[in-house]
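Peer 1: Here is my input, please return the structure:
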Amino acid sequence: MNTFLVKTLLFLLPFFSVTATFFIFDPFKIWYAYDDYFSDYSIIINRDYAGTELYMQNRKKMHYDSFIFGSSRTLAFNTKDWKPYLQNNASPFVFWASGETLFGMWSKIKFLHSLNDTIKNSILVMDNGATLNRTGNSKGHIFIKHPLLSNGSRYEFYSSFVYAYMADFFFVRYLDYCFFKRYRPYMKGFIDERIVKSDPVTNDFYRISNQVERNRNMKDYYSKREKMFYARPQNPVTSKAIIRPPQLTMLKDIAEIFGKMGTQYKIVIGPMYDQKKFNAGDLEILYELFGKQNVFDYTGINFITESRENYYDDNHYMPHVGQKILKEIYSRENLNPDDKYDE
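Peer 2: Presented below is the predicted three-dimensional model:
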């Protein structure tokens, strides 16, 4: 019997050793608290979790009262560009997540409301379907919501990271990079070479590598990405209706909370490169719930989407686009008419 136990323990020892490295090194930054979750960005982490933890660490000190909600497309809207349109003492925070959904934004807004925290100002960054499509918790370690927001199973949350660590021998690539700090070809898709920066107070996110490469030689930047920036249909394409009863309930909840708080809010439907026009029926619902004066649709064929130079890639528009949008949604009457998008 003792021999059997010894053999079993020896057999399981490698598994326990690998599992131990998951807890010791915390590759996805979910076990320990960090002042800056993006200071070492070799591993893509769960931005929903990181943002929630940063908020909880800083909320009593910073007294956040202004929020940008959305996916990684919120990177076009920097808080330094937003602040001039807010009250002098406003304290902004970008409460974003990878592949953010309506469920995620709704959960965050309800969470803030449950804490009795103030939302004086808000921008909700939406798109042509991905944002509004999911009405439940996301799957996968990059997308699953913080349990504080989702009220989901903590076991499911943490186990998704353990699975990701073990899957496809990710841990081999991670430990190799962790110990030797050298990027090897077999790490592609697992270890991220990009240089990024995040503000540990406002949670602004900057794609440094893309900015530097684009600024160095814009022509080369886009010529390397010819396949990414595909030719769009010449005739306008409209997205299918996506707002159904579950989405409508969440949108009503958000409108109700904003109403109770007296929130000054803007809904931005971003200028996606695919040039698909936001569904007219869905747009009318947003108008009805949030007021036409607060909803801004930049989808379809317009002065922003026509040029690939307004994009880092086919899914993300750039900060100078965000600056144009902020100028318009807060002071439309002062714009040069040539700058207006096609409605």
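Peer 1: who's in contact with residue 84?
Peer 2: Residue 84 makes contact with no residue under the criterion C-beta atoms under 8 Å, 6 or more residues apart in numbering. Where C-beta positions appear, they are placed from N, C-alpha and C, glycine not excepted.
Peer 1: Shouldn't it be within a helix?
Peer 2: Yes: assessed with DSSP: H, G, I helix; E, B strand; the rest coil, residue 84 lies in a helix.
Peer 1: do you know how far it is from residue 102?
Peer 2: 29 Å (C-beta to C-beta, to the nearest Å).
Peer 1: so residue 326 is in which element?
Peer 2: If you go by DSSP states H and E, residue 326 is part of helix 319-330.
Peer 1: So which bits of that helix are buried?
Peer 2: In terms of neighbour count (16 or more other C-beta atoms under 10 Å), helix 319-330 has its buried residues at 319, 321-322, 324-329.
Peer 1: Next: stretch 304-317.
Peer 2: Under the neighbour-count criterion of 16+ other C-beta under 10 Å, stretch 304-317 has 304-305, 308, 310-312, 315-317 buried.
Peer 1: Kindly reformat those residues as TSV and extend each row with distance to residue 117, pLDDT and secondary structure.
Peer 2: Formatted as TSV, the buried residues of stretch 304-317 follow (distance: C-beta to C-beta, whole Å; pLDDT from 0 to 100; DSSP: H, G, I helix; E, B strand; the rest coil):
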residue	distance to residue 117	pLDDT	secondary structure
304	33	96	coil
305	36	96	coil
308	40	96	helix
310	34	97	helix
311	34	97	strand
312	32	96	strand
315	31	93	coil
316	29	95	strand
317	29	97	strand
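Peer 1: JSON lines for the residues you listed, including distance to residue 147?
Peer 2: What follows is those, written out as JSON lines (distance: C-beta to C-beta, whole Å):
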{"residue": "304", "distance to residue 147": "37"}
{"residue": "305", "distance to residue 147": "38"}
{"residue": "308", "distance to residue 147": "40"}
{"residue": "310", "distance to residue 147": "37"}
{"residue": "311", "distance to residue 147": "34"}
{"residue": "312", "distance to residue 147": "31"}
{"residue": "315", "distance to residue 147": "28"}
{"residue": "316", "distance to residue 147": "28"}
{"residue": "317", "distance to residue 147": "32"}
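Peer 1: Kindly indicate which of these lies nearest residue 141.
Peer 2: Closest approach between the buried residues of stretch 304-317 and residue 141, by C-beta to C-beta: residue 315, at 20.1 Å.
Peer 1: what about the closest residue to that closest one other than its chain neighbours, neighbour count?
Peer 2: Spatially, and ignoring its direct neighbours in sequence, residue 315 is nearest to residue 273 (7.1 Å; C-beta to C-beta, 6 or more residues apart in numbering). Residues near residue 273, counting by other C-beta atoms under 10 Å, number 21.
Peer 1: Return the residues in contact with residue 273.
Peer 2: Applying C-beta under 8 Å, 6+ apart, we find residue 273 in contact with 229, 232, 305, 308, 311, 314-315, 317.
Peer 1: now, which of the buried residues of stretch 304-317 sits nearest residue 75?
Peer 2: In terms of C-beta to C-beta, no member of these lies closer to residue 75 than residue 316, at 6.7 Å.
Peer 1: any chance you could map the helices in the stretch 101-250 of the chain?
Peer 2: 102-114, 130-133, 147-150, 154-166, 170-180, 208-216, 218-223, 245-261 (DSSP state H, counting those that start in this stretch).
Peer 1: Considering those helices, which stretch scores lowest in mean pLDDT?
Peer 2: Of all the helices of the stretch 101-250 of the chain, mean pLDDT reaches its minimum on helix 130-133 (a mean of 78).
Peer 1: Output it as CSV, restricted to C-alpha atoms.
Peer 2: C-alpha atoms of helix 130-133 as CSV (Å, rounded to 0.1, in the frame of the first residue of the first chain):
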residue,chain,number,x,y,z
ALA,A,130,-20.6,42.6,-30.3
THR,A,131,-21.3,45.0,-27.4
LEU,A,132,-25.1,44.4,-27.4
ASN,A,133,-25.0,40.7,-28.4
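Peer 1: Now do it: distance to the chain's middle.
Peer 2: Mean-position distance between helix 130-133 and its chain equals 12 Å (C-alpha atoms, centre = their mean, to the nearest Å).
Peer 1: Use 238 as the first number from now on
Peer 2: Let's use 238 as the start, then, which means that last one is helix 367-370.
Peer 1: name the helices or strands packed onto it?
Peer 2: Counting contacts by 3 or more C-beta pairs under 8 Å, 6 or more residues apart in numbering; DSSP states H and E, helix 367-370 is packed against helix 339-351.
Peer 1: name the helices or strands packed onto the helix it packs on?
Peer 2: By 3+ C-beta pairs under 8 Å, 6+ apart, helix 339-351 packs against strand 303-307, helix 367-370, helix 384-387, helix 482-498.
Peer 1: ok, and what's touching the second one?
Peer 2: Which is helix 367-370. When contacts are defined by C-beta under 8 Å, 6+ apart, helix 367-370 is touched by residues 307-308, 336-339, 342, 362-363, 479-480, 484, 519.
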